[in-house]
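Engineer: the sequence isn't on hand, but the structure is:
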């Protein structure tokens, strides 16, 4: 009996060692996929595309804001004066702040993608301890990375730079309103002034 018990124990030990080797092999394959140099290149490409798209959006908004600023200054008769210099400097400061905001957003998107990869890695490493084989683990790791990248790209496609120069809306509106009031005053003066002159003669 003792001999049979020893053989059973040895067989159980052999099987456990084989199971541990299989787990280690699966986990190694999973880690190899996630640690591939190509993955960091994919993330950098994603960040570069997001940066380029966001910068294009920001520059488009800057052109529009510059045009509205010129109109506002012209309406107020401020072209060529110190007010123009001050407002253009303020516009430049806003652009610089938005550039920093843009880069923080790009870096944040890259960090979120890396974090999603790490979550997927941890999940698959855990499944490996439950019997996930190396081939399946490697395939699911690649699928997870691909899905994470697609999800990040889709999310950030709808998250542009936003209304980067919204702080100028009151200035532009006030300039338009002031110009409209001046036109109305001039028209009223011309109408009533002309009538007054005719009556007096």
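Structural biologist: Thanks, I have it. Everything quoted here is computed from the prediction, not taken from an experiment. Numbers count the residues shown, from 1 in each chain.

Engineer: which pLDDT value belongs to the most centrally placed residue in the chain?
Structural biologist: In the chain, the centroid-proximal residue (CA atoms, centre = their mean) is residue 105; its distance is 4.4 Å. Note for residue 105: predicted pLDDT of 91.

Engineer: now residue 58
Structural biologist: With respect to pLDDT, residue 58 scores 94.

Engineer: where does the protein have low pLDDT?
Structural biologist: For the chain, residues meeting the criterion pLDDT under 70 lie at 1-4, 157-160, 190-201.

Engineer: one more pass at 50, please.
Structural biologist: For the chain, the stretches with pLDDT under 50 are 1, 196-201.

Engineer: what helices or strands is the lengthiest helix in it leaning on?
Structural biologist: Of all the segments of type helix in the chain, defined by DSSP state H, the longest one is helix 82-129. With contacts defined as 3 or more CB pairs under 8 Å, 6 or more residues apart in numbering; DSSP states H and E, helix 82-129 has these neighbours: helix 2-34, helix 37-75, helix 134-157. Bear in mind the C-beta positions are built from the backbone N, C-alpha and C, glycine included.

Engineer: report the angle between it and helix 2-34.
Structural biologist: Going by axes from the mean of the first three to the mean of the last three CA atoms, to 10 degrees, helix 82-129 is angled at 160 degrees with respect to helix 2-34.

Engineer: return the distance of helix 82-129 from the chain's centre.
Structural biologist: Taking CA atoms, centre = their mean, to the nearest Å, the mean C-alpha location of helix 82-129 is offset from the chain mean by 6 Å.

Engineer: again, but for stretch 120-136
Structural biologist: 31 Å.

Engineer: pull out the buried residues from it.
Structural biologist: 120, 121, 124, 125, 127, 128, 132, 134, 136 (16 or more other CB atoms under 10 Å).

Engineer: just the residues you listed now: which is nearest residue 58?
Structural biologist: residue 120 (32.1 Å; CB to CB).

Engineer: still on that earlier bit, for the residue nearest to the centre of the chain, give its distance to residue 164.
Structural biologist: Using CB to CB, to the nearest Å, residue 105 is found at 12 Å from residue 164.

Engineer: once you drop chain neighbours, what's closest to residue 171?
Structural biologist: Closest residue to residue 171 apart from its sequence neighbours, by CB to CB, 6 or more residues apart in numbering: residue 72 at 6.4 Å.

Engineer: pretty sure that neighbour sits against residue 169.
Structural biologist: No: using CB atoms under 8 Å, residue 72 makes no contact with residue 169, being 11.0 Å away.

Engineer: between these two, which one's more packed in?
Structural biologist: Between residue 72 and residue 169, residue 72 has the larger neighbour count (other CB atoms under 10 Å), namely 20 against 12.

Engineer: dump the residue contacts of the more buried one.
Structural biologist: 171, 172, 175, 176 (CB atoms under 8 Å, 6 or more residues apart in numbering).

Engineer: 10 Å instead?
Structural biologist: Shown in contact with residue 72 (CB atoms under 10 Å, 6 or more residues apart in numbering): 78, 87, 168, 171, 172, 173, 174, 175, 176, 178, 179.
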